[in-house]
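>>> kindly return the folded structure for what I paste below:
(2 chains)
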Amino acid sequence: MRLAFGKALVELGLKYKELYVVELASNTIAPIFAENFPERFVGIDVDVQGLIGIATGLAVCGKKVVIPAYTGSLMRVWEWVRDIISRARLNVKLVGIHRSINNDCLSSCYEDFSLMRIVPNITIVSPADSVELRCCFEEVLSVDGPTYMRIYEEEYGRVYDECVCRLGVANVVRDGFDVAIVAVGSMVFEALKAAKELKNHNIDVAVLDFHTIKPLDINTLIKYARSTGALVVAEEHNILGGLGSTVAEVLIREYPIPIEFIGVKNVYGYSVKSLEDLGLTASDIVRAVKNVVRVK
Amino acid sequence: MEAPPISSLDLGSSFVEVIRRILRRGLNNNQLIILRELSSYEFKSLTHALKIISKKYNIPLSTLKINAKILKDLGIIETYQGKQIKLTPAGQIITEIINVKSFNHVGLDYRVVKDLSEKISLARDYIRKIITEVDAEYLEYTLSIMDILITLYLYRGYEVGSSKSSLRDRLVVSRRYITPTLYTVLAIAGLVPEGRVLSFRSIEELIQKYSEVGVPGIDVISQSLGQGLLIGCGMALALKRDGIPAKVYVVGGSEELVEERVWEAVLVASKLRLDNLVLVIVSRGLSNQGGLKEDLILRLCISGWHVVRVSDYNPIELLRVLNEVNVVGKPSVITTINNYRDILTKECELRTHYNIPYE
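This next block holds a predicted model:
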């Protein structure tokens, strides 16, 4: 997805004249953008705190700034986001690039959604594949205010052929009436795989792509909670504080139903060879669905 | 007529001092500015010179033309070979005696100077009132930055509600605990009604509500110099790339210079050649030598910054330095010390139970 992101940057750089990209000079996340728009590219070899300081300054002067970086190093700037960027609602778009396998603790972070979620005034987005990335990113740039977008280094599977994406409105990828799987990012593809397998067991599941974690699409959530009566939430993120917690916080007030959570179970998820080690595959989702159907 | 050689005059003698005083009285500020510029640079013609002077010192061209004519009539400047302009022999002697280059108030409109002095004494009254009647914490932070903030605030001009791409200079303040000063500055600028001077706690809420961006006249208030200078770099970069000829002033204290983030910003600014960035560092004047330590100044020089030290602090001197700081390709730093103890009266010190340390 990183290459798709680079391409999207160039296309949107043509459209938005005040778009700036700030990143480490030695990284190659946006090389084409740097070639095409050198006057809007800032590449310096400083710590990411320096980068965000410069981005804040640019945003105060009215620019839209995109900072791509690997998620582990990006979390260092949480203090800046909390103190200045979110309080003043500056137009700084953080883009975290997540590496699922063959990563190390310092470059990949499974806690980013929960950290960003507790900061007011921020929008959190995570597209499922390159197609959704393009329209998500365009939406992100068209709204004002700080945003955190998480994309993945690799694309595991294509979910959409073409996509219409609006921030704060979840996409219904597959409809169903037994159980609803609420997924985000790379887990949407896994959820679709699980849905195919569950058809053999006569369980009809709906797959919902909640690409916007904050603000959450409460209407769709409650609608599917009412119609199915059981939920499984899947995210490539720590169980504590991410999409699962958000969903639970809403449903416990509005419409309590049995929910199962798929995510990294409060461990450091690094140096894994595959998602199986973390319990984030389609078979885990299948197991969770069967559990929750029994309780229902 | 041959002029006596200048070396035969003892410029330090009291005899010459009398002549100096008379000459300074006889020529007004604008005429002194014209003499200063003409004695320092070569110009193609008088009109060319006056246009440049008008832009540099912000004086209307018509005023300069009138004053230049007076100087011509007095025989101090003359044209030769048609258009070229130079000082007459008499003019040369006069320039030497007056010593225009070191005259402190040259370069500033006397109205600006008078206005600023008045505003600063008004600010001191306000802040004394605030300190005695309402308890204020962390006085060092507040007071040390006060004069500088007022100078910068009024000197750059402020526009309430100006757009992000306007041509005004930007101001970034990197200091904590400055609410009383902030409030005083806003009151002086007329943005907060005078009757509410003492209710500054509620104004504190107002300023808190504005958050770091949005206090009228100040672009960003940040917590520490590390953040403020980085933000200043970003702003200077944006202005430069847009081709806007505005400056970015960052005001901060010297205590934070031990933070590594500050030096990162120093290197970034030097690398990106942000010559529209001016950093003003305020020391609290507590150390023995006063001012910034030598090794820090050296480090700033080596990092590619243009360093100006203002040893004898007063707002007028600061204004003069701000006017002159203009180096191509290098960001600038002005280091000053501010011994703010003269702001406090005995009564202030007794009322506050915060002990300002003496070193």
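
>>> look at the residue in the stretch 151-300 of chain B that chain A sits nearest to and give its secondary structure.
For the stretch 151-300 of chain B, the residue closest to chain A is B:G234, as judged by Cβ to the nearest Cβ, at 1.9 Å. Every C-beta, even on glycine, is put in place using the N, C-alpha and C of the backbone. Following DSSP: H, G, I helix; E, B strand; the rest coil, we place B:G234 in the helix state.

>>> how about it: what's its closest non-neighbour residue?
Distances taken as Cβ to Cβ, 6 or more residues apart in numbering or on different chains place A:G57 nearest to B:G234, at 1.9 Å, with adjacent residues excluded.

>>> now swap in A:R174 and tell me
A:V207 (4.2 Å).

>>> picking that back up, might one say that the residue of the stretch 151-300 of chain B closest to chain A is in contact with A:G62?
No. Between B:G234 and A:G62 there is no contact, the gap being 11.6 Å when judged by Cβ atoms under 8 Å.

>>> B:S121 and B:M146, how far apart?
12 Å (Cβ to Cβ, to the nearest Å).

>>> same drill for the two, tell me which one is more crowded.
Neighbours per residue, other Cβ atoms under 10 Å in any protein chain shown: of B:S121 and B:M146, the larger number sits with B:M146, 24 against 10.

>>> need the three-state assignment for the closest residue to chain B within the stretch 101-250 of chain A.
Distances between the stretch 101-250 of chain A and chain B by Cβ to the nearest Cβ are smallest at A:N121, namely 10.3 Å. Here A:N121 is coil, with the state taken from three-state DSSP.

>>> OK, contacts around it?
Shown in contact with A:N121 (Cβ atoms under 8 Å, 6 or more residues apart in numbering or on different chains): A:S86, A:R87, A:R89, A:G145, A:P146.

>>> export these to CSV and tack on distance to chain B?
Below are the contacts of A:N121 laid out as CSV (distance: Cβ to the nearest Cβ, whole Å):
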residue, distance to chain B
A:S86, 9
A:R87, 4
A:R89, 9
A:G145, 13
A:P146, 12
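
>>> out of these, who's the most crowded?
Within those, neighbour counts (other Cβ under 10 Å) peak at A:P146, which reaches 23 neighbours.

>>> so it touches A:R87, yeah?
No. Look at A:P146 against A:R87 with Cβ under 8 Å: they stay out of range, at 9.6 Å.

>>> sorry, back to before: hmm, B:C233 and the residue nearest to B:G234 touching each other?
Yes. Between A:G57 and B:C233 there is a contact under Cβ under 8 Å: 5.9 Å.

>>> where does pLDDT dip in chain B?
B:1-14, B:99-113, B:132-140, B:156-167, B:192-214, B:284-292, B:311-313, B:338-359 (pLDDT under 70).

>>> on the three-state scheme, the residue nearest in space to the middle of it is what?
Compute the mean C-alpha point of chain B, and by Cα atoms, centre = their mean the closest residue is B:L319, 3.0 Å away. Each residue gets one of three states, and B:L319 gets helix by three-state DSSP.

>>> that one and B:L116 touch, don't they?
Yes. Between B:L319 and B:L116 there is a contact at 6.9 Å, judged by Cβ under 8 Å.

>>> identify the contacts common to the two.
The contact sets of B:L319 and B:L116 overlap at B:T151, B:Y155 (Cβ under 8 Å, 6+ apart).

>>> same list (the contacts of A:N121) but as a markdown table, adding distance to A:D277.
Putting the contacts of A:N121 into a markdown table (distance: Cβ to Cβ, whole Å) gives the following:
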| residue | distance to A:D277 |
| --- | --- |
| A:S86 | 35 |
| A:R87 | 40 |
| A:R89 | 40 |
| A:G145 | 37 |
| A:P146 | 34 |
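
>>> mind picking the two most distant members of those?
A:R87 and A:G145 (11.6 Å; Cβ to Cβ).

>>> okay, now B:E294: neighbour count?
9.

>>> again, but for B:E259
For B:E259, using other Cβ under 10 Å, the count is 15.

>>> who in chain A is up against chain B?
Proximity of chain A to chain B (Cβ under 8 Å from any Cβ of the partner chain) is limited to residues A:20, A:39-40, A:42, A:44, A:46-47, A:49-50, A:53-63, A:80, A:83-84, A:87-88, A:90.

>>> tell me which strands and helices the strand or helix carrying B:Y153 is in contact with?
Counting by DSSP states H and E, the element that carries B:Y153 is helix B:146-156. Helix B:146-156 sits against helix B:110-133, strand B:170-174, helix B:179-188, strand B:248-253, strand B:277-283, helix B:315-324, with contacts defined as 3 or more Cβ pairs under 8 Å, 6 or more residues apart in numbering or on different chains; DSSP states H and E.

>>> flag every buried residue along the strand or helix carrying A:L3.
According to DSSP H and E, A:L3 maps onto helix A:2-15. Going by neighbour count (16 or more other Cβ atoms under 10 Å in any protein chain shown), the buried part of helix A:2-15 is A:R2, A:A4, A:F5, A:G6, A:A8, A:L9, A:V10, A:L12, A:G13.

>>> got the CA coordinates for it in PDB?
Provided in PDB are the C-alpha atoms of helix A:2-15 (Å, rounded to 0.1, in the frame of the first residue of the first chain):
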ATOM      1  CA  ARG A   2       3.000   2.300   0.400                       C
ATOM      2  CA  LEU A   3       3.400   2.600  -3.300                       C
ATOM      3  CA  ALA A   4      -0.300   3.400  -3.800                       C
ATOM      4  CA  PHE A   5       0.100   6.000  -1.100                       C
ATOM      5  CA  GLY A   6       3.000   7.600  -3.000                       C
ATOM      6  CA  LYS A   7       0.900   7.700  -6.200                       C
ATOM      7  CA  ALA A   8      -2.100   9.200  -4.400                       C
ATOM      8  CA  LEU A   9       0.100  11.900  -2.900                       C
ATOM      9  CA  VAL A  10       1.200  13.000  -6.300                       C
ATOM     10  CA  GLU A  11      -2.300  13.000  -7.800                       C
ATOM     11  CA  LEU A  12      -3.700  15.000  -4.800                       C
ATOM     12  CA  GLY A  13      -0.700  17.200  -4.800                       C
ATOM     13  CA  LEU A  14      -1.800  18.500  -8.200                       C
ATOM     14  CA  LYS A  15      -5.300  19.200  -6.900                       C
END
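
>>> what does the next helix or strand after it contact?
Once the chain leaves helix A:2-15, the next helix or strand it forms, by DSSP H and E, is strand A:19-23. Contact with strand A:19-23 is made by A:9, A:12-13, A:29-30, A:33-34, A:40-43, A:51-52, A:54-55, A:58, A:63-69, A:141, B:238, as judged by Cβ under 8 Å, 6+ apart.

>>> nothing else from me, thank you.
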